[in-house]
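**Student:** Curious how this folds, go ahead:
(chains A and B)
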Number of protein chains: 2
Amino acid sequence: MSKLRVQSFAVSLDGYGAGPDQDLQNPLGVGGMELMEWFFPTRVWQNMYGDTDGETGIDNGIAELGFSGIGAWILGRNMFGPIRGPWPDLSWQGWWGDEPPYHTPVYVLTHHARAPIQMKGGTEFHFVTEGIHAALEQAKAAAGGLDVRLGGGVATLRQYLQAGLVDEMHLALRPVLLGNGENLWEGLDLRQLGYHCERYVAGERAMHVFFKRE
Amino acid sequence: MSKLRVQSFAVSLDGYGAGPDQDLQNPLGVGGMELMEWFFPTRVWQNMYGDTDGETGIDNGIAELGFSGIGAWILGRNMFGPIRGPWPDLSWQGWWGDEPPYHTPVYVLTHHARAPIQMKGGTEFHFVTEGIHAALEQAKAAAGGLDVRLGGGVATLRQYLQAGLVDEMHLALRPVLLGNGENLWEGLDLRQLGYHCERYVAGERAMHVFFKRE
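**Tutor:** From the prediction side, this is the model:
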């Protein structure tokens, strides 16, 4: 059965999945890019933008698994772009460049309707205004039996976790402290929601932690 | 120079250093004993209470380091016992049995004065009513040039961290979710306080994370 999976979502030791003050210069908030510094050196990431180099160790292997068997994605609006409120400029097509790294249909949660966008390399952005359940339904229908990957950000993850809709979650715990920003854990009782940690692995630049829902 | 060190302090992935509802039956709160399950199998722990067995892997090695070079301890009152308010019964001498595992002077933070207690094996409990700075001063004087170990619990750690008095901190991140209880990170901006993570190691039953203050 098709699952909803969180993969390679990076959080600091003190629980932040993004720093404060997100804007065009700081897509992950101030200091938030440190969260991704385990991913950038991997071959998976390097290949996405045309490089053929990149490291092939533990971090890379786990990052690769995160793209395997995925038929559709769900993103919170802030992972599409920094714009809040109505869309001021339809020509801007997101953070991700002409050929985003998704290569599948991507369902973007928003309160503001917008026509789908077809990008190079198979990524199609669809804008869902009917909430998290509707986005999941549409993503599962589009995934053709494969899994759906929930990309984030923090607020979106928290909503899906709170609703018990996430089947599996892999966090990349980065050995950094952010001290401030968007906290994944705050007020979220994952134990009561039926989640437990199944295993952990130390990678080169992150500790990888795998959760399942009972 | 004598340092103040936190060693082998266990926290859950969601940041709890104790579960809710601490009492005589649940010294670490409900569910909190899961935090210690990396420590109980080690030879260090087994030897403390007379067993000669116990595992000698990574977890044990790191636990051993936590006792090395320590000349005095500081504990919050709840790590001495579950009693709140004035001491009702001076014959009760703490959680730790006749021969506590400290073997040094131990400075217990409390609002209620009490005469020192001399235990078997070199542990002397001193009760400090003048606050965290006074306890640190007394512990350093007693440690004779060795380091002082800050045992916990969460509220005590948070006070010393907030005051920038902790020089080094080792956390044993347990692969469990508590969902509730006493949170180490909440509202504590360790980055701003000058702390950073220096290294991490995956042990058999915990991920070990080492922090320093710049």
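
**Student:** only C-alpha atoms for contact and neighbour calcs from this point on.
**Tutor:** Will do.

**Student:** What is the burial count for residue A:87?
**Tutor:** Residue A:87 has 12 neighbours, counted by other Cα atoms under 10 Å in any protein chain shown.

**Student:** likewise residue A:109?
**Tutor:** A count of nearby residues for residue A:109, using other Cα under 10 Å, gives 24.

**Student:** tell me the contacts of it?
**Tutor:** Shown in contact with residue A:109 (Cα atoms under 8 Å, 6 or more residues apart in numbering or on different chains): A:74, A:75, A:76, A:77, A:127, A:128, A:129, A:131, A:132, A:135.

**Student:** Where is the longest helix in chain A?
**Tutor:** Using DSSP state H, we find that the single longest helix of chain A is helix A:132-143.

**Student:** Mind pulling the model confidence for the residue nearest to residue A:58 when sequence neighbours are not counted?
**Tutor:** Beyond its immediate neighbours in the sequence, the residue positioned closest to residue A:58 (Cα to Cα, 6 or more residues apart in numbering or on different chains) is residue A:203, lying 5.2 Å away. pLDDT recorded at residue A:203 is 98.

**Student:** Would you mind confirming that residue A:203 makes contact with residue A:59?
**Tutor:** Yes - using Cα atoms under 8 Å, residue A:203 is in contact with residue A:59, at 5.2 Å.

**Student:** okay, the two: which has more neighbours?
**Tutor:** Between residue A:203 and residue A:59, counting by other Cα under 10 Å, residue A:59 is the more crowded of the two (25 against 21).

**Student:** Could you point out the helix or strand that follows the longest helix of chain A?
**Tutor:** Sequence order places strand A:147-152 as the next helix or strand after helix A:132-143, per DSSP states H and E.

**Student:** and that following strand, how far out from the chain's middle?
**Tutor:** Taking Cα atoms, centre = their mean, to the nearest Å, one finds strand A:147-152 lying 6 Å from the centre of the chain it belongs to.

**Student:** Just after that strand, pick out the following helix or strand.
**Tutor:** Criterion used, DSSP H and E; the element after strand A:147-152 is helix A:154-162.

**Student:** and that next one with chain B, contact?
**Tutor:** No - judged by Cα under 8 Å from any Cα of the partner chain, helix A:154-162 and chain B are separated, with a smallest distance of 12.2 Å.

**Student:** what angle do that helix and strand A:147-152 make?
**Tutor:** 130 degrees (axes from the mean of the first three to the mean of the last three Cα atoms, to 10 degrees).

**Student:** Just the CA atoms of helix A:154-162, as CSV, please.
**Tutor:** Extracted as CSV, the C-alpha positions of helix A:154-162 are listed here (Å, rounded to 0.1, in the frame of the first residue of the first chain):
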residue,chain,number,x,y,z
VAL,A,154,8.2,22.1,9.8
ALA,A,155,4.7,23.4,10.0
THR,A,156,3.5,21.0,7.2
LEU,A,157,5.2,18.0,8.9
ARG,A,158,3.7,18.9,12.2
GLN,A,159,0.2,19.0,10.7
TYR,A,160,0.6,15.6,9.0
LEU,A,161,2.1,14.1,12.1
GLN,A,162,-0.5,15.5,14.4
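
**Student:** Can you tell me, leaving aside adjacent residues, what's nearest to the residue nearest the centre of chain A?
**Tutor:** Nearest to the mean C-alpha position of chain A, by Cα atoms, centre = their mean, lies residue A:151 at 1.9 Å. Of all residues beyond its chain neighbours, the one nearest residue A:151 is residue A:75 (5.2 Å), with distances taken as Cα to Cα, 6+ apart.
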